[in-house]
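[1] what follows is a predicted structure for the sequence shown.
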Amino acid sequence: MISGLALGGVTLLVGPDRVAAGLYQLREKAQHVVDAAVDDPIALRRQLETLAAEYPERISKVQAELGQVTHELNELGVHADKATRVVAATTSDLTELQALIAEAEAADTGVRQVAIRFDGARFDVPGAYEEARRINEVRLIFQDRQAMTAQQIALLSEQRARLTEIHEKLTTEYATFHGQLWQLDRQIDAIKRNERLIEMVKQQQETLNTYDKFGNVGNLQQLERKLNAIQDQQRAHLEALANTRDRLVNDYENRAELERFQESVGGHDDPFKDLGPTKDDAMPAKDSKTIVLGPVVIGR
């Protein structure tokens, strides 16, 4: 509502014609911006279909307008012919009546009254002058009509020429459009194919970019060398893992051998068990999980 009131106020200030012209310019600019931004093949094909449907409608409107102008010209031609005939007839009658009045005035001697017979009627000299004035008024009226009709005929003739030119132009464009329709349609198909090709190239480039983790590969030999290097690194990694596993196995084997030795030593009879505990034995034993074997000395 506010925008409507604002538009109404602007219309009152600058006039409806200027407002209409401004709106038309805005619509043309907006259409130009939209047309410049449209590159979708579907939208292009829709524009093509719209244009194909608009041509017959435009041609039909121009034909209707041309028919109306032609009809008005025919009517004006009839009125112009009638006015021309009336002007010619009244001019002829005035010329004839002027001659009769001159003859009557020359024959008037004042002794007897002179009568004038014109167009089946009888007039005296004053009556003949009155009839001449009436005929002249009719002649002037139809002369004005004749001039106005001539102006209207000239204007409508110019409009008809312009409409005829537009009609011929639209008809020619429509015929050319139909002749080039298949070519325009093929161009739209080419645009669609180009878009698909661009998308395929992008996808291919993205696929190639995934090879960057292997390094910059320029040819097949470089690719093979790079793959061999990766395999060598993987084999070295596997060997390192295997060595670590072997060390763990050896550690467990050594621990097993040590446990067996400790068990075998602990199984012999103690020759000093009858002597009782020694001073060292009386002391609390320290917790130890390992046996320390010192040097053995034989003899006194």
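    That came through, no problem. Numbering: from 1, shown residues only.
[2] quick check: buried residues in stretch 70-86?
    Neighbour-count burial for stretch 70-86, with 16 or more other C-beta atoms under 10 Å as criterion, is recorded at 73, 76, 79-80, 83-84, 86. Every residue, glycine included, has its C-beta placed from N, CA and C.
[3] residue ranges of each domain in the chain, please.
    42-191, 218-265 (automatic domain parsing).
[4] between the two ends of the first one, how far is it?
    Using C-alpha to C-alpha, to the nearest Å, the span of domain 42-191 from its first residue to its last is 10 Å.
[5] quick check: mean pLDDT across it?
    The average pLDDT for domain 42-191 rounds to 87.
[6] Ala236: neighbouring residues, count only.
    If you count neighbours by other C-beta atoms under 10 Å, Ala236 ends up with 10.
[7] quick check: the gap between it and Tyr55.
    Separation of Ala236 from Tyr55 (C-beta to C-beta, to the nearest Å) stands at 77 Å.
[8] and the helices in the stretch 1-150 of the chain?
    Using DSSP state H, counting those that start in this stretch, the helices assigned to the stretch 1-150 of the chain run over residues 2-14, 16-37, 41-107, 125-209.
[9] now those helices in CSV, with distance to Asp119?
    Below are the helices of the stretch 1-150 of the chain laid out as CSV (distance: least, C-beta to C-beta, whole Å):
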stretch, distance to Asp119
helix 2-14, 60
helix 16-37, 54
helix 41-107, 7
helix 125-209, 8
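[10] for Leu241, which of these is the nearest?
    helix 125-209 (32.5 Å; C-beta to C-beta).
[11] tell me the angle the closest one makes with helix 41-107.
    170 degrees (axes from the mean of the first three to the mean of the last three C-alpha atoms, to 10 degrees).
[12] which strands and helices sit next to helix 125-209?
    helix 41-107, strand 116-118, strand 121-123 (3 or more C-beta pairs under 8 Å, 6 or more residues apart in numbering; DSSP states H and E).
[13] deepest of those, which one?
    strand 116-118 (a mean of 16; mean count of other C-beta atoms under 10 Å).
[14] give me the contact list for that strand.
    93, 96-97, 100-101, 104, 122-125, 127-128, 131 (C-beta atoms under 8 Å, 6 or more residues apart in numbering).
[15] so what are the sheet partners of that strand and their directions?
    strand 121-123 (antiparallel) (DSSP bridges).
[16] please save the CA atoms from stretch 66-82 in CSV.
    The C-alpha coordinates for stretch 66-82 follow below in CSV (Å, rounded to 0.1, in the frame of the first residue of the first chain):
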residue,chain,number,x,y,z
LEU,A,66,-3.0,-2.4,-40.5
GLY,A,67,-6.5,-3.5,-41.4
GLN,A,68,-8.1,-0.9,-39.1
VAL,A,69,-6.0,1.9,-40.6
THR,A,70,-6.8,0.7,-44.1
HIS,A,71,-10.5,0.7,-43.3
GLU,A,72,-10.3,4.2,-41.9
LEU,A,73,-8.5,5.3,-45.0
ASN,A,74,-11.2,3.9,-47.2
GLU,A,75,-13.9,5.7,-45.2
LEU,A,76,-11.9,8.9,-45.4
GLY,A,77,-11.5,8.4,-49.1
VAL,A,78,-15.2,8.3,-49.4
HIS,A,79,-15.7,11.4,-47.4
ALA,A,80,-12.9,13.2,-49.3
ASP,A,81,-14.5,12.3,-52.6
LYS,A,82,-17.9,13.5,-51.4
